[in-house]
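>>> Test case, fold it:
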Amino acid sequence: VHNVNIIKNGLIDIPMLQILQADGEVHVDAKLPDMDQDTATKIVKTMHYIRVLDERMIAAQRQGRISFYLACTGEEASTVGSAAALQPQDMIMSQYREQGTLAYRGYTTEQFMNQMFSNEKEPNKGRQMPIHYGDKALNFMTISSPLGTQ
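Down below sits the predicted model:
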């Protein structure tokens, strides 16, 4: 499927919206999103950055250098694309595996490292569990770990 269709009542297979073919070409009948080149480039660069960050931090966690990490591998497009659709003043209330939203907003590698290594340079002075990101200036509410709510 190459165009958005609203699904009405009934049990049906939900199609996957696909605009690009495997070779990067646009499907003939697909409708391209209204987006400028700078935004598209920022989205792609942020998704790539998050993939690299995930690889490095999973390795660090497995080596015992950080205590906790949840990758968003395979979910980069949904989180980064969602952030791209918002305005900077919009508040993001995130959850695990959505670090792409924060990176898109401008959270730096140094900020990610300070938070994940829980050091004194992190705004909470290392008192927050790793990957419980938050940044008031970026309108990104701190991630919480609700336990016993399931």
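>>> Contact partners for residue 106?
Neighbour list for residue 106: residue 138 [criterion: C-beta atoms under 8 Å, 6 or more residues apart in numbering]. Placement of C-beta: from N, CA and C, glycine included.
>>> And for the one 10 residues further on?
Residues touching residue 116, when contacts are defined by C-beta under 8 Å, 6+ apart, comprise 57, 60, 66, 69, 130, 131.
>>> how many neighbours does the first one have?
Using other C-beta atoms under 10 Å, residue 57 has 22 other residues around it.
>>> what about the residue nearest the centre of the chain, which helix or strand?
Centroid check for the chain by C-alpha atoms, centre = their mean gives residue 100 as the closest residue, at 2.5 Å. Taking DSSP states H and E as the criterion, the element that holds residue 100 is helix 99-105.
>>> next SSE after that helix?
Proceeding C-terminally, helix 99-105 gives way to helix 109-116 as the next helix or strand, assigned by DSSP H and E.
>>> what about that following helix, distance to the chain center?
15 Å (C-alpha atoms, centre = their mean, to the nearest Å).
>>> Stretch 30-37 too?
Remark: stretch 30-37 is offset 20 Å from the chain centroid, using C-alpha atoms, centre = their mean.
>>> buried set for that stretch?
Residues residue 30 are the ones in stretch 30-37 that count as buried (16 or more other C-beta atoms under 10 Å).
>>> Share the number of residues neighbouring residue 102, please.
Other residues within reach of residue 102, judged by other C-beta under 10 Å, total 25.
>>> Spell out which residues sit in contact with it, please.
With contact taken as C-beta under 8 Å, 6+ apart, residue 102 is in contact with 92, 94, 133, 135, 138, 140.
>>> okay but residue 142 is in contact with residue 129, surely?
No: the criterion here is C-beta atoms under 8 Å, and residue 142 misses it with residue 129 at 10.3 Å.
>>> Identify the farthest-apart pair in the contacts of residue 116.
60 and 131 (11.8 Å; C-beta to C-beta).
>>> can you state the direction angle for the lengthiest helix in the chain and helix 109-116?
The longest helix of the chain (DSSP state H) is helix 37-62. Relative orientation of helix 37-62 and helix 109-116, computed by axes from the mean of the first three to the mean of the last three C-alpha atoms, to 10 degrees: 40 degrees.
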